[in-house]
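Peer 1: attaching a predicted model along with its sequence, questions to come.
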Amino acid sequence: MWQSPSAVRFTVVSDTAAPRAGALALGASLAYRFRPAVLTVPAPNQDGRDINLVSHALAWSLVARWGIGNRLELTALAAGLSQRGAGIKGVTTQSAPGIDSPALQDPRIGFGYALLPAVRSLGAKVRFEAKLPFGNARALAGERTVVASPSFVFSARSGGAFANLELGARLRTPTDFFGLRVGSQGLLAVGVGYEFAGPRLAFAIEQYVLPSLIEGNRYRNVPAEWLLSGRWAPASLGALALGAGVGAALPYGGHGGFGAPGFRALSYVRLTPAGD
């Protein structure tokens, strides 16, 4: 799951508004993931054998979003994690040392353009992000090459109810993990929620699906996950918002996709400028 630096009411699904010119939005999050990287390898039984490449991980991220005018924004995300698991070498031997921890993850930079002026009911945005291969790939904390991620975001709001939809792709060089081939993926993310006007309290549920755009997998691999979250933005603290959520993998095709954890818990704090 990529936490979107352009998210306001959700975590994965981006928002369609852009900060006003010169405004800076900041955020920090902490997330725990249980069994986020499980690999099925050949075994005497027909279903194969599951190996916890990463058994559990604690990740942090820092995000920034800057309005540069004309409904344009620049985004950046830096992340790191501490994790435990067998690692890639655990596929070939049971005596190999565990995965390296802690590690820096690949940073992401990008931009967005709001296709519609800020209105109450409808919104649309085109986004592009590049994930830079500066993380530790051997510790499963980074990609081997740049990942390009274009997407379109649509939003609708009526009273306190809101809904967002994001469609896009993650374009990367394929990597083989002992029968599992991870490469370019489509992106479908959708979220719905309700925000109470008085206490500025909101609840949302969202889901993402990453269908593979390449062939060659021995096993069906469709990472998918749902996330239920709550957000509190006290009126006395202006732009500050606090949030927390829980989620889990969705077993498309009978298996949770590689990268979707069996369980996730997260918390975040955001400083969002007025009018965003």
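Peer 2: Received the coordinates, thanks. Numbering: from 1, shown residues only.

Peer 1: so, low pLDDT: which residues of the stretch 151-276 of the chain?
Peer 2: 177-179, 216-220, 252-256, 274-276 (pLDDT under 70).

Peer 1: how about the strands in it?
Peer 2: 161-170, 175-177, 180-182, 185-196, 201-209, 224-232, 240-249, 263-271 (DSSP state E, counting those that start in this stretch).

Peer 1: out of those, flag the one nearest A17.
Peer 2: strand 161-170 (10.9 Å; Cβ to Cβ). C-beta coordinates here come from the backbone N, C-alpha and C atoms, glycine included.

Peer 1: show me which residues of that closest one are buried.
Peer 2: By 16 or more other Cβ atoms under 10 Å, the buried positions in strand 161-170 come out as F162, A163, N164, L165, E166, G168, A169, R170.

Peer 1: how about the nearest residue to the first one, chain neighbours excluded?
Peer 2: Excluding the flanking residues, the one nearest F162 by Cβ to Cβ, 6 or more residues apart in numbering is G193, at 5.6 Å.

Peer 1: in a markdown table: the strands of the stretch 151-276 of the chain, plus distance to A18.
Peer 2: Compiled in a markdown table, these are given as follows (distance: least, Cβ to Cβ, whole Å):
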| stretch | distance to A18 |
| --- | --- |
| strand 161-170 | 15 |
| strand 175-177 | 34 |
| strand 180-182 | 32 |
| strand 185-196 | 19 |
| strand 201-209 | 20 |
| strand 224-232 | 20 |
| strand 240-249 | 17 |
| strand 263-271 | 16 |
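
Peer 1: mind listing what the lengthiest strand in the chain pairs with, with the direction of each?
Peer 2: When the chain is parsed with DSSP state E, its longest strand is strand 49-69. When pairing is defined by DSSP bridges, strand 49-69 lines up against strand 24-41 (antiparallel), strand 72-84 (antiparallel).

Peer 1: pull out the buried positions in the first one.
Peer 2: Of the residues in strand 24-41, those with enough neighbours to count as buried (16+ other Cβ under 10 Å) are 25-27, 29, 31-41.

Peer 1: before we move on, what about the last one?
Peer 2: Of all the residues in strand 72-84, those buried under the rule 16+ other Cβ under 10 Å are E73, L74, T75, L77, A78, A79, G80, L81, Q83.

Peer 1: which of the helices or strands spans P117?
Peer 2: Using DSSP states H and E, P117 sits in no helix or strand.

Peer 1: surely it is in contact with R71?
Peer 2: Yes - using Cβ atoms under 8 Å, P117 is in contact with R71, at 7.2 Å.

Peer 1: what's L171 in contact with, if anything?
Peer 2: V147, A148, S149, P150, S184 (Cβ atoms under 8 Å, 6 or more residues apart in numbering).

Peer 1: so how far is A241 from it?
Peer 2: 32 Å (Cβ to Cβ, to the nearest Å).

Peer 1: same thing with F162?
Peer 2: Applying Cβ to Cβ to F162 and A241 gives a distance of 14 Å.

Peer 1: can you check E215 too?
Peer 2: 42 Å.

Peer 1: when these two are compared, which one has more neighbours?
Peer 2: For the pair E215 and A241, the greater number of neighbours falls to A241 (20 against 8), based on other Cβ atoms under 10 Å.

Peer 1: now the more buried one. Nearest residue, chain neighbours left out?
Peer 2: A233 (4.1 Å).

Peer 1: how about the one you found, phi and psi?
Peer 2: Reported as degrees, to the nearest 10, the phi and psi values for A233 are phi -120, psi 90.

Peer 1: so what's it up against?
Peer 2: Counting by Cβ under 8 Å, 6+ apart, the residues that A233 touches are R200, L201, A202, L240, A241, L242.
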